[in-house]
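Visitor: task: produce atomic coordinates for the following.
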Amino acid sequence: MATPMDFRDAVRYIESLSIQGWRLGNARFEALLERAGSPHLKVPCVHITGTNGKGSTTTMLSAILRAAGYRVGTYTSPHVFDIRERVLIDGEPISQELFVEGIAFLRPIIERLTDTEYGQTTEFEIKTALAFWAFEQTQMDITVLEVGVGGRLDATNVIVPEVSVIVSIGLDHQDRLGPTHRDIAYEKAGIIKPGRPVVSGAIPPDAVEMIAQVAAAQGAPLSRVRRAETAGDWRAGSNDFLYMPLPSPTDSAVRVRRGAWEVALQPALIGDYQRHNAACATAAAVLLRERGYTIPDRAIEQGVREARLPGRLQVVGESPCVVLDGAHNPDAAAVLARAVPRLFKYQRLILVIGMLTPHEPADTLRHLLPLADAVVFAPIDHPRAHTTETLLQSAQAWLASKPNRAPRTLLTAFSPQDAFQRALDLADADDLVLITGSFYLIGAWKR
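Guide: Below is the predicted model:
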């Protein structure tokens, strides 16, 4: 008789599959799901991708649907503090008991599949399969699924969604998705399905064009989300979802309009970039409403107001203020650098940063170093982590050409906890400690 599995055993089993890395393409995963009873086909869903903002958009749309009275399953990645954050059952992390039950169910299927032409299942595939299985078991009314990487070949792309959402297009994961905005847009547009409506918040013109081409080829009605450029643009109205900023202490209040319809929103998530994400979530909710879902305006307002997500400008300490943000690529770092001085009052900024490859450190550091009075470079326990020495050398090389903007203190740490403590030791009560660069680093804060 097999030894009963507990939660730690289940997590260790999932982690044992990490040696497979990422393998894009879904023939193996579809075979796994078929053997598991095709749980991915049992519950309606919304599919969300984007270079940045897809996690926030997923969270806000899920909250909107719960506020409208639906039981909602949510799948996001990566997790920050607890692996169970990836699979939410009506807003709460999957229970340890259901987590273990799901892995115990999937493990023998995976092991039998390994001996076939499909080979070994990956870590991301088993997490995704667990989500599909759990959503069927708990009889969710609808699910909201965040893509892992790209879209076309991602493990989540085995579904036919009610609505597809492409939040943004930026230059990230270029080793897998291609070197240009157009290449990346093509990969992310792979989640568009025939005849199913799609929301696009893409901005680069070549990305906008590519998404429109794919949507047209699929016969998928396309709705754009964009910031109103002028008051005249706003007043003229459009079939697009337009948005414009509203004053707020969180720098995220927004008014969204489509034709004569409009709604004013106050996201709990802070930062100017959340206006775009809130508009994308709102657009998806409106398109679901047009497909027969009962989603009143008050549910949109309430969901956006109540949505919470760890690791996005999350304040976890005072005196000094400590902020966690998983800005893990250059675009996200640029947005973070604009947001921090607008949202926080501080005397000095102490930056703690750790990064993973394939991101080039200089591309991210050039946005954040000018803000910092001191920097602590942190190691991350991950096979793709940049060493602290690499980060330090990259910072020194960049700062050599910007001597007037150089932080006075550059330090390396031997662990995330050592980095956090060094930053806190440097900081006075009216300073800001910003921990960023990777979700794997900020996830170490609680440990």
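Visitor: which SSE is immediately downstream of the helix or strand of the chain with the lowest mean pLDDT?
Guide: Taking mean pLDDT, DSSP states H and E as the measure, the helix or strand of the chain with the lowest value is helix 174-177, at a mean of 63. Where DSSP states H and E defines the elements, the next helix or strand beyond helix 174-177 is helix 181-188.
Visitor: state the pLDDT value of the residue positioned nearest the centre of the chain.
Guide: Centroid-nearest residue in the chain, with C-alpha atoms, centre = their mean: residue 55, separated by 3.0 Å. Looking at residue 55, its pLDDT stands at 94.
Visitor: and the gap between it and residue 310?
Guide: 10 Å (C-beta to C-beta, to the nearest Å). Where C-beta positions appear, they are placed from N, C-alpha and C, glycine not excepted.
Visitor: just residue 289 next, same as before
Guide: With C-beta to C-beta as the criterion, residue 289 and residue 310 are 29 Å apart.
Visitor: neighbour-wise, which of those two wins?
Guide: Per other C-beta atoms under 10 Å, whichever of residue 289 and residue 310 has more neighbours is residue 310, with 20 against 16.
Visitor: residue contacts, that one?
Guide: 80, 81, 85, 324 (C-beta atoms under 8 Å, 6 or more residues apart in numbering).
Visitor: can you name the residues bridging to the last one?
Guide: In this entry, residue 324 is beta-bridged to residue 314, residue 435, by DSSP bridges.
Visitor: burial count for it?
Guide: 25.
Visitor: and for the second one?
Guide: The criterion is other C-beta under 10 Å. On that basis, residue 81 has 17 neighbouring residues.
Visitor: and for the third one?
Guide: Residues contacting residue 85 under the criterion other C-beta under 10 Å number 19.
Visitor: so the closest residue to it other than its chain neighbours, which of the three states?
Guide: Spatial nearest neighbour of residue 85, excluding adjacent residues (C-beta to C-beta, 6 or more residues apart in numbering): residue 79 at 4.1 Å. Secondary structure, DSSP: H, G, I helix; E, B strand; the rest coil: residue 79 is coil.
Visitor: tell me the confidence at residue 2?
Guide: 59.
Visitor: any weak-confidence spans in the chain?
Guide: 1-3, 19-25, 172-177, 236-238, 403, 405-406, 447 (pLDDT under 70).
Visitor: domain parsing for it?
Guide: 7-306, 314-442 (automatic domain parsing).
Visitor: residue 433: what secondary structure?
Guide: strand.
Visitor: show me what contacts it?
Guide: So residue 433 contacts 317, 320, 321, 322, 323, 350, 352, 420, 423, 424, 427 (C-beta under 8 Å, 6+ apart).
Visitor: ramachandran coordinates for the residue nearest to residue 85?
Guide: phi -80, psi 160 (degrees, to the nearest 10).
Visitor: that one - how many residues pack around it?
Guide: Counted with other C-beta under 10 Å, residue 79 comes out at 18.
Visitor: how near is it to residue 159?
Guide: 21 Å.
Visitor: can you check residue 337 too?
Guide: 36 Å.
Visitor: the stretch 51-200 of the chain: strands as residue ranges?
Guide: 72-75, 87-89, 92-93, 142-146, 163-166, 198-200 (DSSP state E, counting those that start in this stretch).
Visitor: wait, residue 187 touches residue 157, no?
Guide: No - under the criterion of C-beta atoms under 8 Å, residue 187 is not in contact with residue 157, lying 10.2 Å apart.
Visitor: common neighbours of these two, please.
Guide: In contact with both residue 187 and residue 157: residue 151, using C-beta under 8 Å, 6+ apart.
Visitor: what comes up buried for stretch 392-409?
Guide: 392, 394, 395, 398, 399, 406, 407 (16 or more other C-beta atoms under 10 Å).
Visitor: any idea how far the last one lies from residue 387?
Guide: Looking back up the chat, that one is residue 407. 19 Å.
Visitor: equivalent analysis for residue 214, please.
Guide: 40 Å.
Visitor: the two - which one has more neighbours?
Guide: For residue 214 versus residue 387, neighbours defined as other C-beta under 10 Å are more numerous around residue 214 (22 against 13).
Visitor: residues touching the more buried one, list them.
Guide: Taking C-beta under 8 Å, 6+ apart, one finds 186, 189, 190, 192, 220 in contact with residue 214.
Visitor: the first one - nearest residue in space that isn't next to it in sequence?
Guide: Yep, that's residue 186 we're talking about. Nearest one to residue 186, counting by C-beta to C-beta, 6+ apart, is residue 210 at 5.4 Å.
Visitor: I'd like the distance between that neighbour and residue 158.
Guide: In terms of C-beta to C-beta, residue 210 sits 23 Å off from residue 158.
Visitor: which one of the two has more residues nearby?
Guide: Higher neighbour count among residue 210 and residue 158: residue 210, with 24 against 19, using other C-beta under 10 Å.
Visitor: specify the local secondary structure of the more buried one.
Guide: helix.
Visitor: and what of residue 369?
Guide: Applying three-state DSSP: residue 369 is helix.
Visitor: shouldn't it be in contact with residue 395?
Guide: Yes - contact status for residue 369 versus residue 395: in contact at 6.2 Å, counting by C-beta under 8 Å.
Visitor: quick check: neighbours shared by the two?
Guide: residue 375.
Visitor: before we move on, back to that, ranking the strands of the stretch 51-200 of the chain by burial, who's on top?
Guide: Among the strands of the stretch 51-200 of the chain, the stretch with the highest mean neighbour count (mean count of other C-beta atoms under 10 Å) is strand 163-166, at a mean of 31.
Visitor: for it, packing partners?
Guide: With contacts taken as 3 or more C-beta pairs under 8 Å, 6 or more residues apart in numbering; DSSP states H and E, strand 163-166 sits against strand 45-49, helix 54-67, strand 198-200, helix 273-290.
Visitor: try it again with 10 Å
Guide: strand 45-49, helix 54-67, strand 142-146, helix 181-188, strand 198-200, helix 205-217, strand 222-227, helix 273-290 (3 or more C-beta pairs under 10 Å, 6 or more residues apart in numbering; DSSP states H and E).
Visitor: got the buried residues for the longest one?
Guide: When you say that, I think you mean helix 273-290. For helix 273-290, by 16+ other C-beta under 10 Å, it's 273-289.
Visitor: give me the angle between whatever helix or strand comes next after that helix and helix 273-290.
Guide: Heading C-terminal from helix 273-290, the first helix or strand you meet, by DSSP H and E, is helix 297-306. Angle of helix 297-306 versus helix 273-290, following axes from the mean of the first three to the mean of the last three C-alpha atoms, to 10 degrees, is 150 degrees.
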